[in-house]
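Asker: model the following, please.
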Amino acid sequence: MSANSIVLVVGGTGAQGAAVVEELAKSPSYAIRILTRTATSSTATRLSNLPNVKLFEGSAHHEPDIHQALEGVDIVYCNTNGFAIGEKAEIYWGIRFFELSREHNVKQFVSAQVSFQSLYGVLFNQHMKPVDIKPGSGAPPMIYLADLGRYARWLIENPERSNGMNLKIATEHLGYKDLARTYTEITGRRAIFRDVTLDEYFDSGLFPTPDEKVGHSAEKDDETLQTYRQNFTGFWNTWKEDVVVRDMKLLDEIMPDRVKSIGDWMKLCGYTGERSSVLKDYRDATMPKPGNS
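Answerer: Numbering: from 1, shown residues only. This next block holds a predicted model:
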């Protein structure tokens, strides 16, 4: 890999993409280009102040913009947003971005997805709030965002091993009873785990309009769009069973100094449980914030 490889980060102002940008910006080997719809957003402005980071204002769903953004690019990190454009369009543009990257002779292409559930199922903060949730006995994988960025950098810097690899990352598998217990142990604050039915979950006010379709930038008459009720029914039915498993031995091998528990993450970040917006769509107010009416 040559010095100052140009890395295009698609979704670079989102929760996952920003972590990748922040990690790559630590190295002088990369010139980082963020494709963003709004170059004046608070996150875009903050990231543009990092070393070797530049913004490219355009749409990841408009081919002329994509062609311009790909000019001279060596590496693409692509994280599409299904909550913005819907599942059908996310699949199409994920494939199309790869095809256009090949046209531009991109050397490496990292497609950032999860195990075919809701895109945001493994992030910490957005769902770690004092609200009722719908898990069962499963222990879903959760990931510290800074380590997500480090794993992305490892994929880029180790192509001889990472080429063709489907690297499934996590900090640890943690059930919700254990999450409540860990939170109390670390913060001294009381936390309660209570299993609820899906009807109770959607009647709680967590989503003001649960039968509204997901896809704030999509045409609402698109029959392929799911409602929040449909989307999160699948979300919780997935996480309540241990059907998504990570290879912790491999993750330790790749990054021996990674954060290995939610408790350690809470200590490291000074987590208190206070509400904050991690996901870009919540920060930009394009999705209803959980619990807000």
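
Asker: for the stretch 151-293 of the chain, which spans come out with low pLDDT?
Answerer: Scanning the stretch 151-293 of the chain for pLDDT under 70 picks out 277-293.

Asker: tell me which stretches of it form strands.
Answerer: 172-173 (DSSP state E, counting those that start in this stretch).

Asker: can you check the stretch 1-150 of the chain too?
Answerer: 5-10, 30-36, 53-57, 75-78, 108-111, 141-142.

Asker: so which residues make contact with stretch 18-27?
Answerer: The list of residues contacting stretch 18-27 from outside it, by CB atoms under 8 Å, 6 or more residues apart in numbering, reads 7, 9, 12, 30, 32, 34, 43, 47, 50-53, 77, 79, 112, 145-146, 148-150, 152-153, 156. Yep, even glycine has a C-beta here, placed from its N, CA and C like the rest.

Asker: hmm, try it at 6 Å
Answerer: 7, 9, 12, 30, 32, 47, 50-51, 53, 77, 145-146, 148-150, 152-153 (CB atoms under 6 Å, 6 or more residues apart in numbering).

Asker: need the strands of the stretch 1-150 of the chain in CSV with distance to D257, mean neighbour count and mean pLDDT, can you?
Answerer: Shown next, in CSV, are these (distance: least, CB to CB, whole Å; neighbours: other CB atoms under 10 Å; pLDDT from 0 to 100):
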stretch, distance to D257, mean neighbour count, mean pLDDT
strand 5-10, 23, 25, 98
strand 30-36, 21, 25, 98
strand 53-57, 25, 17, 98
strand 75-78, 22, 24, 98
strand 108-111, 22, 17, 97
strand 141-142, 18, 22, 93
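
Asker: how about those in TSV, adding distance to H216?
Answerer: Listed next are those as TSV, based on distance: least, CB to CB, whole Å:
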stretch	distance to H216
strand 5-10	18
strand 30-36	16
strand 53-57	19
strand 75-78	20
strand 108-111	23
strand 141-142	25
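
Asker: could you check how far the residue in the chain sticking out farthest from the centre is from S261?
Answerer: Centroid-distance maximum for the chain: G188 at 28.8 Å, with CA atoms, centre = their mean. G188 sits 18 Å away from S261, going by CB to CB, to the nearest Å.

Asker: equivalent analysis for L174, please.
Answerer: For L174, the distance to S261 - CB to CB - is 8 Å.

Asker: neighbour-wise, which of the two wins?
Answerer: L174 (19 against 14; other CB atoms under 10 Å).

Asker: what's the burial count for D211?
Answerer: 10.

Asker: sorry, wrong one. I was asking about L198.
Answerer: 13.

Asker: then the one 3 residues further on?
Answerer: Other residues within reach of Y201 by the criterion other CB under 10 Å amount to 20.

Asker: what's the separation between it and G273?
Answerer: Relative to G273, and taking CB to CB, Y201 is found at 20 Å.

Asker: now do F98
Answerer: F98 is 39 Å from G273, by CB to CB.

Asker: what does F202 give?
Answerer: 23 Å.

Asker: out of those two, which sits in the busier spot?
Answerer: Higher neighbour count among F202 and G273: F202, with 19 against 15, using other CB under 10 Å.

Asker: would you agree that one is in contact with P208?
Answerer: No. F202 is not in contact with P208 according to CB atoms under 6 Å; the separation is 10.7 Å.

Asker: enumerate every residue touching the closest residue to F98 other than its chain neighbours.
Answerer: Leaving aside its sequence neighbours, F98 sits nearest to F109 (CB to CB, 6 or more residues apart in numbering; 5.7 Å). Counting by CB under 6 Å, 6+ apart, F109 touches 76, 98, 101.

Asker: now do F109 against C78, distance only.
Answerer: Applying CB to CB to F109 and C78 gives a distance of 7 Å.

Asker: also L50?
Answerer: Counting by CB to CB - L50 and C78 are separated by 20 Å.

Asker: just L55 next, same as before
Answerer: From L55 to C78 the distance is 17 Å (CB to CB).

Asker: and what of I95?
Answerer: From I95 to C78 the distance is 10 Å (CB to CB).

Asker: can you check G11 too?
Answerer: 7 Å.

Asker: P208 now?
Answerer: P208 is 31 Å from C78, by CB to CB.
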